[in-house]
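Visitor: would you be able to build a 3D model of this:
(one chain, ligands or ions: 1)
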Amino acid sequence: MPQYRSALTAIAHYVPDTVYDNQWFAERMDTNDEWITSRTGIKERRIMTDGATSDMILPAAREALENCGKTAADIDIIIVTTVTPDMMFPPTAAIVQRELGAKNAWGYDLSAACSGFLFGLNSARAFVESGVAKTVMVCGADKMSSILNYDDRTTSILFGDGAGVAIVERSEDENVGIIDAITHIDGSGEPYLHMKAGGSRKPASHETVDNKEHYVFQDGQAVFKKAVIGMAEVSAEVMERNNLTGDDVAWLVPHQANKRIIDATARRMGVTDDKVIVNIDRFGNTTSGTIPICLSELQKNGQLKYGDNVILAAFGAGFTWGAIYLKWAIK
Ligand code: UT7
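Guide: Sure, this is the predicted structure:
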């Protein structure tokens, strides 16, 4: 048994104002609204035209602190999950720490692509449950527009920018909070989803820029096949381990990569459509941002009730994937 139960005590999000709808893409490349909508479920994405990933995190972080009555000085650890840090180093977590004035915090960036927020939450859980930290801020954020080739119709239409921030603390009530988590990583996924250059294996050069190697590369079909099985299986496994049926689940909050992957996951779990959170139509795939943005919207709309059984599920580059079972702890 852990020393303490951990729980999300606040959640907030930020998405930029600029909208790229399917028409925006249709005017620039060989694509159309019908293809994008039927294959992905996406209609619009929000784009950060000015500023960095931390500039999306900060407003959400301030709102999350306000929501749970905490100040920046109360934060013990800041975890920023992203594949689009402000810079390669220092960690974006340090920039967030500085701008918030979180003078008592340490922190780090966590790179797990579309599973980033889920892995970050599981890390925060471990810190809180063990008593190492009392208050952890988990920031899931990506400015995907900074690494997209807007000449490539197979990737550019999929992603958007956005950030979500959760505060994880000791739960005052043992019966609610983060109950269970299953997380996986498998590096055999590397060939199918990666950025070719800019890392230590292939540093930036004129050649890498000319070859457009600083953008998202994806073999969509290969990733789709793995994601559709991986996200569904791990979600079903976390339910089975906790004796949950589809009827017991109040909300499925899945990573928003493709509406067809979300539907397959819900079917495998036996969860009806009305309990499945989908905002991919408005925001596209915001990578680390998807799950906290969904949770924040749900909370803002008053749809989450104290004690609700919530399943979070994700799949992404690596491959990385996992599911978290939590009982909603915000009144
Ligand atoms: O979040 C991180 C993890 N990522 C994912 O989970 C994404 C997983 N993959 C997917 O969601 C899907 O594979 C995509 C949405 C990326 C692609 O859908 P698909 O049904 O797998 O299409 P496809 O790649 O098999 O392409 C089918 C056709 C191809 O044309 P041909 O070869 O059949 O003539 C593509 O060139 O669709 C073409 N195509 C497009 N057509 C119009 C690809 N992109 C577009 C486009 N507009 N934007």
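
Visitor: going forward, measure contacts between C-alpha atoms and count neighbours the same way
Guide: Noted.

Visitor: check which helix or strand the residue nearest to residue 166 when sequence neighbours are not counted maps to.
Guide: Spatial nearest neighbour of residue 166, excluding adjacent residues (C-alpha to C-alpha, 6 or more residues apart in numbering): residue 11 at 4.4 Å. Assigned by DSSP states H and E, residue 11 belongs to strand 6-14.

Visitor: can you name the residues in contact with that strand?
Guide: Residues outside strand 6-14 that contact it (C-alpha atoms under 8 Å, 6 or more residues apart in numbering): 56-57, 59-61, 63-65, 67-68, 125, 128-129, 162-171, 176-178, 292-293, 295-297, 299, 328-330.

Visitor: can you flag the buried ones in the residues you listed?
Guide: Among these, those classed as buried by neighbour count (16 or more other C-alpha atoms under 10 Å) are 56-57, 59-61, 63-65, 125, 128-129, 162-171, 176-178, 292-293, 295-297, 299, 328-330.

Visitor: what about those residues, which are in helices?
Guide: 56-57, 59-61, 63-65, 125, 128-129, 292-293, 295-297, 299 (DSSP state H).

Visitor: pLDDT on stretch 65-79, on average?
Guide: Mean pLDDT, stretch 65-79: 98.

Visitor: ok, stretch 25-40 next?
Guide: 98.

Visitor: is it true that residue 208 touches residue 197?
Guide: Yes. Between residue 208 and residue 197 there is a contact under C-alpha atoms under 8 Å: 6.4 Å.

Visitor: need the overlap of contacts for these two.
Guide: In contact with both residue 208 and residue 197: residue 214, using C-alpha under 8 Å, 6+ apart.

Visitor: compare the two (neighbour count), which wins?
Guide: Neighbours per residue (other C-alpha atoms under 10 Å) separate residue 208 from residue 197, with residue 197 holding more: 19 against 15.

Visitor: name the nearest residue to the most centrally placed residue in the chain, ignoring sequence neighbours.
Guide: What sits nearest the mean C-alpha location of the chain, by C-alpha atoms, centre = their mean, is residue 288, with 2.8 Å. Leaving aside its sequence neighbours, residue 288 sits nearest to residue 140 (C-alpha to C-alpha, 6+ apart; 4.6 Å).

Visitor: what pLDDT is listed against the one you found?
Guide: 99.

Visitor: over to the one 5 residues further on?
Guide: Among the per-residue scores, residue 145 holds a pLDDT of 98.

Visitor: which helix or strand contains residue 121?
Guide: Per DSSP H and E: helix 116-130 holds residue 121.

Visitor: may I see the buried residues of that helix?
Guide: 116-130.

Visitor: can you give me the strands in the chain?
Guide: 6-14, 18-21, 44-47, 77-81, 106-110, 135-143, 161-170, 177-185, 193-195, 216-218, 251-254, 309-316, 320-327 (DSSP state E).
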